[in-house]
Every structure is written in C-alpha cells, then in structure tokens.
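Visitor: here's my sequence, what's the structure:
(chains A and B)
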Amino acid sequence: MRLIKYVLVVGFIVFGFAYVKANKTRNFQYKAPTGFTLEDNFFPAFIPTVYKHTGAEQVTVMIPPEVRSKIKAPKTASGELHPEFLQGKRNFNQQFGIENWNVKEYKFSNTNNGERLELSGSYTSMAGVKTEFLEHHYFGKSVIQSIHMFYPEKSVGKVVEQAKLSLQNFNPNIN
Amino acid sequence: MKSYLNYIIAIIFFLQTSLGSMAFADTQAMNKPTTSTPTAAPATTPAVQSEEAAEQPSSLSAEEKAVQARIMEMAKTRPYSALLEKDSICEGKEQLLESFINEVGMTDGNGNQMFDENQKPKTYKGKLKEKELEFGDRNFDFDRLSAERFNSKHDEATQFCLHNYSRMALGEWGNYFLSRSNEFECGLKFGGAEDGSLKVENETGKKTEACDVPYGDSTLHDFLSKQMTRFTEVFNDFKKKELEAMAKAQGEATDKARTEAGTGCTGPDCDPSSKLAKDSQYIKGTEERLCCDRINNRWEELGFTTVKDAKPSDRICKDMIEKDSDTGYCEGNFCLKDMGNCLKNLASTFMRDFFSSIVDGFNVFGWGSQLMALWNEVTSNPMQAAQNIVKSLFGFNGDYMQCLNRKSQTQYVCQMIGKFAGSSAGFSAGMGALLGLVRGASLGIVAKATKGKGIAGYMAGQPKGGIVMGALKDAGKTGARAAAVGAVWPIYAGRGLYNGVKKTVSGTWAYVPYSLDKMKNGVTSAAAKASERFQTATGRVVEKPGAAAATGLETTAAATPAKAAGGNLGKQIAEAEKVLAQRNADLNNLVQFRNSLTKGKKLDADGKPVFKNGTEAQTNYQKAVEGIKAIEDDIAKVSARANELKAKVQRNSANNKAGVLLGTGVTSYGAEKSQAKSQSNKAKPPAVKDDGTPVATPVKGVGTGQGIPGAGAQKAAPEAQKPAGASPAAGETPPAATPANKPAAASEGGDSSAPPDE
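Guide: The predicted model follows:
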C-alpha cells in the first residue's frame, strides 16, 4: 500500500513536470490566412502547431517547437548553404523513405530575430504526389524557430500565395 | 506437381527477399562511413547469407539447419569456399565460377605493366579458394558474369549460385574501392542517386594531396574515380536486371498459379474433388503457409507477443491473413485513423527527443527540420506512410504487409511502433548522451558499445533500419520487453482509446498464445539478462554489419576491422577488462570476507568450516560462497568474451594487413618496405624509387573486360618510372607498351591486378 502511495506521488510529480514542460507557452506570433484552421495541440513543446486549409488546396503550415541551439545559420564562408545541413536532411529522408527531395532556392537574410534562412523545394509524398515545401528558419542567440509550409504541386492560386505571404509575416519573437 | 510448385514459390520468395535487401544497396552505400579501411570479405558476406537465411521459411529440418549453420560459419573465414562447399548452393560449380576471374597484367606503383626477365608481361589470376579475405584479389569479368547470371537457359540452382556469387564479387570490389579511397584520402565514396541507383560522390574536404599522386597518364584520384564510376555502372546494371528478373518471375508464377488452379473452378460447376480444385486449394494453402512462416519468424520482434519463443497458432495466423475475416473492424476509416495515431506516436517520439535536445550541428538541425515533412506525411497519408515507414525505418519489406489483412496491418504497424515508441528508454539510449538516458544500467558497457555515437551519430547517418532495428531487437531481448509491447507514447493513446484502440490492444493480446512453458522460457535471471545484453551488444557491433547485408558493401564503421581494432572493438575490450578488474576486486573482497568467517573455526572432512546451524555466520558464509561462485562464473563469461574480441582484433588486423598489401607494387619496390608502410593504415605519400622518382600506388580495376580509359598500363611509361624489375636495355620497346597477348581487362582497360605475394 505504501509503495502504491509513493508511486502515485512520484507519478504525479513526474507527470506535472512533463505537462508543464510540454505546455510551455510559445512565443511566436503568426496569423494564418482566412480558411485555415488551427489543429488541436495539447503538447506544443514537441508537437508542431499545425494550420490546415480546409479547401482542396491542401495547404499546411506548421510551426515546430523552438530548438535550443547556439549554432548560426548553416552558411559556408562563401555564403552558400552548408552541405552538412543538407546532408542531415538527406539522411532523414533516406531513413524515413521521403523521396526526390530537392531544394530549388534558398536565401539568407537578416531580421530582427536573427539571421533567416528561406528554403524552398519539392519532394514526392508517400502517396506519390509531388509536394512543394517552404521553410523559414530564424537563428536567434540561443534558439532556432522555424515555420514550414507544404502543399501539392498542383495547388496554385490565391490560397497558396496568401499562405506564402503569411510566412513572411511570421514573427518568431526569439530575441 | 506439389513439389514443383513449392520450388517455384520458394524461388520467388528467395528472389524477393534477397532483392528486397539489394534494393537498399544504394542508400546503404550512401550511408557508408568513408573512414573505412580495408577489411575482410567475411565481415560482409556471411551477413548477406545470414540475412537471407533469416528470411527463409522455417521449413528446414534440423539436419538442413545444421548444414546451413556449418556453411555460414565457414563463410566467415572462407566466403568463396563456403559457396562451393558440399550442400552449398554452388557445389560442383567451381570451374564455372573460376571462369569469371580474369587473368590480368601486374602493374608497378605507377600502374605500368610489369615484365619478367624475358620481357614477358607478368600476369596474375586470383583464385576463389586463395586469399579469400582480400578485397580485390579476384579480377572479375562482370559483364560475362552478368550475362550468365541472367541467362534463362541456366537452371534455377545455377542462377541461385550465380546470384550469390555476383553479390559477393560486387561486395568485394565495392569494399575494395572504398578502402582505397579511404587509404589514400581520395574523398570518394558511393552514394545514392535520386533514381535509387548507386553513384560516386566526392566528399567535401576529405580529399588530400595523398590522392594526387601520378597514376598512369593522370592522377590516382582520377583513376580511382573512373574505376568507381565503372563499378557503379556494373552494380546498377546488376540491380536493374535483378529487379526485372524478379518481376518476371513473379508474373510467371502468378500466371502459372492461375492457369493451374483454374479460374472456373470456383462456381457451382466446380467439382471439389477435381485436380483443379485441389491445386487451387493447395496454392492458397502454400501462400498462407509462407505468410505464416514470415510472421512466425518475427512474431516477437513485431511486438505481437512478450513471450519468448511464442509463435502464432494456425488459427491465429489464418485470422491475420484471411481477407474474408477482415470485417467488422475496419469500418469506414477507422483503420486509417488508428494507423494515423500510431504514426503520430512514432513521429512524436522522434520530435520529443529532438526538441528536448540541444542541437549543436548543422546536420543534426537539418535532420530535425525534416521532422515536419514526416509529420505532414503521417497526417496526410497514413496508410502509405505506414507502408513506407515499415519498409524504410524498420527494414521490413512489403511481403509482410501484403500477407496481412487490413485489420492486421493496422495492428502490425501499431504494435511495432508501439513497441518502439514504448521502449523509449532503448531509443533514448540510441539518441545518446545528450539526453543523459542510458539503457542497460546494469552494464554500462552495453549502451556505450552499441550506441556510443549519440544523437549526432544517429542523425548523421546510421544505416537504414540499423539503430531502429537494434532498438527493437533490444527491446525484445532485454527487460524492456514487458514494458515495451503494447505501450505507446501517451500523446495519442487517449485519442486512440476513444476511437477504439482498446479494441486493437485487446485484439492483440488475444493473439498471445499463453502457455506456461513458454512463459517460463521468457523469464530469466537478471544476471543472465545482463550477460545476454553484453553479448548481444558486443556481438552485434562486430558480427552483424547491418546494412552490409544488402550487397556485401561494407557500410558500418564498426564492421571495419581496422577501425574496430582501434575503435569499437578496442573500446569494448577496454570496457570488458574494466569490468573484469572490478569483478576481480569484488571477488577478492568476498574471498577475504569468507576467509574472515572461517578463522578459528573447525574444518570438516571437505575442508569447510563448521558452523552452528541457523547462525548468522553460517548464513553469511553460504551467501559468500554462492556469491563467489556467481562472480567467478561472471568473470569466466566476460573473460571469454574479451578473449574472443581480442582474437577478432588480431584476425582483423591480419586481414587488414593483407588487404593493404594488396596492390602496393611490392614486387618492384620492396615488399618489406611497402608492407611496413601499409600497416600504418594512413594515407601515404607517394612511394619513392631508389632514384628518387615518385611512385604512385596502383589501384586495381573492376575487371569488366571492357576497361576504363586512362589506366596506366596503356601508356608507355616514362623511362624514369619503369619498374625496377623491368629495366630493358636502351633502345628496346618501353616495357609498358601493351603486348599483344595481354588479357583484355588489362590491355584495354588498364585494369591492373595485385601481384601475388612474392
């Protein structure tokens, strides 16, 4: 009986810590365009915040939890995208079966929230659909905050453009 | 008829399983650590066979299993001989296999043809049963091998034989090039192209001047690059043909089954006693048996049971694969949702660990940033994602999924993921020290030896399925078993429960064939578990090169003898010795304690002290004696393992030495000198002849018979670089001029071969 009490008390404390940690308030500010709905997320500390468009465009915007890191933007001395960054992505794709992943464009720029890396490209989804992606990564002093967008290649038009624009208005608020 | 059908199905199954792993060859090669050094063929080839063996239906008799075990054991030290061994797949085909080995010209340190005293070109032909552990010793005619391998005129047995032989030959040469590239710091490695084929890649910053030594009419780097490119062509051609052959075999078998079973024997006019009806039932029965065998083999690993050695009964198996019984469960999109939740659990596990870590490298951040793509996939396309993940992450091909009905597919994936996610302690150990979680605390060696790379190592490119499969296996073998099965990361457990996951779980537990005997097998003492974990951990690093299974291309650094000798193996030995020292100290303490209890006591006839019954001294004495025995047993086990590891280091060092010696032009420039240099296992500066002329180290060719342009043997060597042993008189034809009788591989392509030890 005593053991059960101890287990319950310890369990409660551990769960409390985990719950508080998982529900830590996020700092970013993002306003999704019209037609996007915010999906339930009880644990934004390690589950991305997801906005999905309800229409046929199937546009998804994801804001993952911030990453604790002091690394700078993955840039070589000559200003190119660092190959190690890409290699990490390739390794992941290889391990999880994400195929034909390609970067079309990338751009580094300075913002009030540190250096920003914009990345765009495409991959073949597991359902065999060519999917476009956009990533914005903000490299702050001690954290990295990102925002991602995915949509099928066939999806074009206002919804996609508005979503892209909304990424530009994303405020990671990390500094 | 039955035996014939069995044979056909067995062939298809064999091709599927073997090619299924070969299909991963490119990506595994891509992951290959480029720090590899020459290693022994058995480090890879037995793994190929053992993986294949593991996939075979468990219909072998005890005698056949013994034969298989004997051949596989032999393959560790004599891979080619094992192929030709009695009862092996190439028995009696030595002459055929030998015929694929080219006789090629021997070259000096610059890749120039060597000549004997009579100015005749020196040639060399590797043997199957000689120097079997040396990469690149046999110069294969891959074009002819390919033609014969896929020659439909050959019977199935010959095709099997040539299939395995081809893979061993490709593995030998793939490893050879990688080891050369590493040895001379050429920065060349094999990677995967977008279309899934193998390609040559340059590693940024890895190439040094050591690879710029002149070779033939160019540099060693160029030569090796061309050779490796040619190798990828050969490899990709093999792979393409294998896939075509597999597709063809599958199509033929399906047609045959349809024809023989008769499609018209299902209606009311069908006579159940007719041959057609019987054949139809037989084929169905055979398919079911194959499916059951496949599931059987991985029943525990898949997470369907916690009980060691438990297997599904025929009824359960039928229920899992019978499409007719797949009703009332997957109504609407229930399975889809369920599967989606399971996948979310999996992705959550990765995200939890990633976002809880401190990211300290671009590759790690790049890896983690792709988690969003995974999340997008598991939420958008759960079923496809499940199939893909099962294949990509857990290393199981589609055969298992195809066997199962939709209901079981959900359980299959969910249980496997649940086991994986639930055993997060195991996974966290894989993620490494950053998280500070270490599995197997009773023997810290386990975590260090198996998962020492940590999160960066994992994310920076563990082979497919490698660490995950390891974690799964560990979960099945260690005390995490009970906690792992059925447990899922709780984020979606509540939601899943709401949607009916309870049904899934209860359904799964219904499959567990409870049996006291089997339960008993599943329970072992903590000490034995610790010992098992230790042996599993240390054994896996060396004996199961993981990704190497696909093609024989060595893909794990741990499987590299030289590295292992100085790296993982060395660490394991050091750790084992540390444990030994600790246990010896414990033993001494306990012996002293025992002796202190015997002081002043009378001894009986056996020399044991006599205590009064029931006294504390008697109890302590007994405990001390038992403890001493337990520690002595423990020491014996760890000591045996340490000795085994040391023996491996010695053996690997010897193999490594032989591999490095290969092709260093020892004949002309002093074997001892070259040998001594070779053993340094570092990139070497160009060798220097007696007259001070720099001499490159030769790299042998693929030996396709077509040749690669630019090899040194084609070029008339400058007089200053003529081999010392060739020294023709002034005015004579330069020694490197291609002689008319030179073998095709050497004369056309400049493929050179290593000189035999002289």
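Visitor: C-alpha only now, for contacts and for neighbours.
Guide: Noted.
Visitor: after the longest strand along chain A, which helix or strand is next?
Guide: Taking DSSP state E as the criterion, chain A has its longest strand at strand A:99-111. Using DSSP states H and E, the helix or strand that follows strand A:99-111 in sequence is strand A:114-124.
Visitor: just the angle for that following strand relative to strand A:99-111, thanks.
Guide: If you take axes from the mean of the first three to the mean of the last three CA atoms, to 10 degrees, strand A:114-124 sits at 160 degrees to strand A:99-111.
Visitor: name the helices or strands packed onto strand A:114-124?
Guide: Strand A:114-124 sits against strand A:99-111, strand A:130-139, with contacts defined as 3 or more CA pairs under 8 Å, 6 or more residues apart in numbering or on different chains; DSSP states H and E.
Visitor: tell me which residues in it are buried?
Guide: A:114, A:115, A:116, A:117, A:118, A:119, A:120, A:121, A:122, A:123, A:124 (16 or more other CA atoms under 10 Å in any protein chain shown).
Visitor: any chance you could list what contacts that strand?
Guide: Strand A:114-124 has contacts (CA atoms under 8 Å, 6 or more residues apart in numbering or on different chains) with A:72-73, A:98-110, A:130-141, A:175.
Visitor: picking up where we left off before, the longest strand of chain A pairs with which strands?
Guide: strand A:114-124 (antiparallel) (DSSP bridges).
Visitor: gap between the partner strand and the chain center?
Guide: Chain-centre distance of strand A:114-124: 11 Å, with CA atoms, centre = their mean, to the nearest Å.
Visitor: any idea of the mean pLDDT in it?
Guide: For strand A:114-124, mean pLDDT rounds to 94.
Visitor: what angle do that strand and strand A:130-139 make?
Guide: 160 degrees.
Visitor: flag every residue of chain A that's near chain B.
Guide: A:45-48, A:60, A:62, A:64-71, A:74, A:82, A:84-97, A:99-100, A:125-127, A:148, A:150 (CA under 8 Å from any CA of the partner chain).
Visitor: give me the buried subset of those.
Guide: A:45-48, A:60, A:62, A:64-71, A:74, A:82, A:84-97, A:99-100, A:125-126, A:148, A:150.
Visitor: in helices only, show me those residues.
Guide: A:84-96 (DSSP state H).
Visitor: from those residues, which two are the most distant?
Guide: Farthest apart among these by CA to CA are A:84 and A:96. That separation is 18.3 Å.
Visitor: what's the closest of the buried residues of strand A:114-124 to chain B?
Guide: Nearest to chain B out of these is residue A:123 (CA to the nearest CA; 9.3 Å).
Visitor: quickly note the distance from the closest one to residue B:391.
Guide: Going from residue A:123 to residue B:391 by CA to CA, to the nearest Å gives 18 Å.
Visitor: that older thread, check the ones in helices among the buried ones among the residues of chain A next to chain B for the minimum pLDDT and say which it is.
Guide: Scoring those by pLDDT puts residue A:95 last, at 77.
Visitor: residue A:144 is in what secondary structure piece?
Guide: strand A:143-152.
Visitor: which strands or helices does that strand pack on?
Guide: Checked by 3+ CA pairs under 8 Å, 6+ apart, strand A:143-152 has strand A:60-63, strand A:67-69, strand A:130-139, helix A:158-168 packed alongside it.
Visitor: how about these in TSV, adding mean pLDDT?
Guide: Converted to TSV, the helices and strands packed on strand A:143-152 look like this (pLDDT from 0 to 100):
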stretch	mean pLDDT
strand A:60-63	94
strand A:67-69	86
strand A:130-139	94
helix A:158-168	92
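Visitor: can you give me the buried ones in stretch B:588-601?
Guide: Quick answer for stretch B:588-601 (16+ other CA under 10 Å): B:590, B:591, B:594, B:597, B:598.
Visitor: now do the helices in the stretch 251-400 of chain B.
Guide: B:275-297, B:314-321, B:334-355, B:362-369, B:371-380, B:382-392, B:398-403 (DSSP state H, counting those that start in this stretch).
Visitor: output the strand holding residue A:144 as CSV, restricted to C-alpha atoms.
Guide: Only the C-alpha atoms of strand A:143-152 are listed here, as CSV (Å, rounded to 0.1, in the frame of the first residue of the first chain):
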residue,chain,number,x,y,z
VAL,A,143,17.2,29.2,-30.1
ILE,A,144,16.1,28.5,-33.6
GLN,A,145,12.5,29.0,-34.6
SER,A,146,11.1,27.7,-37.9
ILE,A,147,7.9,27.8,-39.9
HIS,A,148,7.1,25.3,-42.6
MET,A,149,4.6,25.1,-45.4
PHE,A,150,3.6,22.2,-47.6
TYR,A,151,1.2,22.0,-50.5
PRO,A,152,0.8,19.7,-53.5
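Visitor: show me how far it is from its chain's centre.
Guide: 4 Å.
Visitor: tell me the strands beside that strand, with direction?
Guide: Using DSSP bridges, the strands paired with strand A:143-152 are strand A:60-63 (antiparallel), strand A:67-69 (antiparallel), strand A:130-139 (antiparallel).
Visitor: that strand: which residues count as buried?
Guide: A:143, A:144, A:145, A:146, A:147, A:148, A:149, A:150, A:151, A:152.
Visitor: generate TSV for the residues you listed, with pLDDT and distance to residue A:56 as supplementary columns.
Guide: Output for the buried residues of strand A:143-152, formatted as TSV (pLDDT from 0 to 100; distance: CA to CA, whole Å):
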residue	pLDDT	distance to residue A:56
A:143	89	35
A:144	92	32
A:145	93	29
A:146	94	25
A:147	95	22
A:148	96	19
A:149	96	16
A:150	95	13
A:151	94	10
A:152	93	10
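Visitor: which two in the residues you listed are spaced the farthest apart?
Guide: Between all members of the buried residues of strand A:143-152, the farthest pair (by CA to CA) comes out as A:143 and A:152, at 30.2 Å.
Visitor: quick one: buried ones out of the contacts of strand A:114-124?
Guide: A:72-73, A:98-102, A:108, A:130-141.
Visitor: and residue B:290, how far from residue A:13?
Guide: Noted for residue B:290: a distance of 50 Å to residue A:13, by CA to CA.
Visitor: higher neighbour count, these two?
Guide: For residue B:290 versus residue A:13, neighbours defined as other CA atoms under 10 Å in any protein chain shown are more numerous around residue B:290 (21 against 12).
Visitor: tell me the pLDDT of that one.
Guide: 72.
Visitor: do residue B:708 as well
Guide: Note on residue B:708: pLDDT of 33.
Visitor: same thing with the one 3 residues further on?
Guide: Residue B:711 is assigned 33 on the pLDDT scale.
Visitor: do the same with residue B:190
Guide: So, for residue B:190, pLDDT stands at 84.
Visitor: then residue A:81?
Guide: The model reports residue A:81 with a pLDDT of 92.
Visitor: wait, isn't it in contact with residue A:75?
Guide: Yes - between residue A:81 and residue A:75 there is a contact at 4.8 Å, judged by CA atoms under 8 Å.
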